[in-house]
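Asker: would you be able to build a 3D model of this:
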Amino acid sequence: MKAFSLWKQLKRKLRRSGRPMWTLGSIAAIVSYSLLSGFPIDRAYGAATDQDASMEPKQLQEIIRSISMKQGPLKVHIHRSYICGEEFRSLGLRPPAEAVRLVKRPTVLHVRLDVPVRGEPTLQLEEQVSDLSVQCKESAMFGIDPSGRLTLFEGPPKKENAVRTFYQLDVRFMESHLPKEEWKRLVDGIRVEDKASYYSVLSSFSDFAIDASRNVMNPSSKRY
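Answerer: As a prediction, the model looks like this:
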């Protein structure tokens, strides 16, 4: 993988530069453990998730009970939030038994049931998926924004394509210590096609982050 090749080169360069390696080593260990064990890497790495938005069990059981009592089908809509990107889908009309199965999936964080006076009830699901969205896999690139922050872009690194900002990079150190071709790769944009390459890039450049902003993640208003 190109991203892992990048990691090896950055690691060797940092060793030669004498810059502390503990951050890269610890984050690489987390990434490796997550990929091998199946533990959600977004939790291990500390990425922003909506876990705190999960419903109370009692509230969820009440909704499941209400769905089970319905005689007719329900309209089902799903909003999926990915590590990178999001997706809105309408599943159309689904029988109560299938709707209950959807609600009980472990990736579902929030459920809303709207019951109108007339017409079919509407079930809305909020789902957290530990993966990249299809569109993100097709066009996402890491690069640097004009302020020197590691940023995820929808396509080539341009201000209007910015999707999400991560941390402030020590640009001067990188320009003076990284091989020119690797610096150019970041400036031109590094493609990410799966979760492994996404987190590999994040971990590879994390040791170049200015400490105060290392764990800052600021989603922009533009999303996939």
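
Asker: least confident secondary structure element in this structure?
Answerer: Every helix and strand of the chain was ranked by mean pLDDT, DSSP states H and E. The lowest is helix 41-45, at a mean of 39.

Asker: and after that helix, which helix or strand comes next?
Answerer: The helix or strand immediately downstream of helix 41-45 is helix 57-68, counting by DSSP states H and E.

Asker: got the buried residues for the helix or strand following that next one?
Answerer: Downstream of helix 57-68, the first helix or strand assigned by DSSP H and E is strand 74-84. For strand 74-84, a neighbour-count test (16 or more other Cβ atoms under 10 Å) marks 74, 75, 76, 78, 80, 81, 82, 83, 84 as buried. To be clear about C-beta, it is placed using only N, CA and C from the backbone, and glycine gets the same treatment.

Asker: what does the following helix or strand past strand 74-84 contact?
Answerer: Where DSSP H and E defines the elements, the next helix or strand beyond strand 74-84 is strand 86-94. With Cβ atoms under 8 Å, 6 or more residues apart in numbering as the test, strand 86-94 has contacts from 73-80, 102, 120, 123, 133-134, 223-224.

Asker: which parts of the chain are strands?
Answerer: Secondary structure of the chain (DSSP state E): strands located at 74-84, 86-94, 108-114, 122-132, 140-144, 149-154, 162-168, 190-191, 218-219.

Asker: to residue 177, which of these lies closest?
Answerer: strand 140-144 (15.3 Å; Cβ to Cβ).

Asker: and residue 104, how far from residue 201?
Answerer: Going from residue 104 to residue 201 by Cβ to Cβ, to the nearest Å gives 35 Å.

Asker: which one's more surrounded, the two?
Answerer: residue 201 (24 against 11; other Cβ atoms under 10 Å).

Asker: got the domain boundaries for this protein?
Answerer: As assigned by the TED database, the chain contains the domains 57-128, 134-216.

Asker: winner for burial among those?
Answerer: Highest mean neighbour count of the domains of the chain: domain 134-216, a mean of 18 (counted as mean count of other Cβ atoms under 10 Å).

Asker: what is the neighbour count of residue 130?
Answerer: Neighbours of residue 130 under the rule other Cβ under 10 Å: 17.

Asker: with distance to residue 168 and pLDDT as added columns, please give the buried residues of strand 74-84 in JSON lines.
Answerer: Shown next, in JSON lines, are the buried residues of strand 74-84 (distance: Cβ to Cβ, whole Å; pLDDT from 0 to 100):
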{"residue": "74", "distance to residue 168": "47", "pLDDT": "94"}
{"residue": "75", "distance to residue 168": "45", "pLDDT": "95"}
{"residue": "76", "distance to residue 168": "42", "pLDDT": "96"}
{"residue": "78", "distance to residue 168": "35", "pLDDT": "96"}
{"residue": "80", "distance to residue 168": "30", "pLDDT": "94"}
{"residue": "81", "distance to residue 168": "25", "pLDDT": "92"}
{"residue": "82", "distance to residue 168": "25", "pLDDT": "91"}
{"residue": "83", "distance to residue 168": "21", "pLDDT": "87"}
{"residue": "84", "distance to residue 168": "20", "pLDDT": "86"}
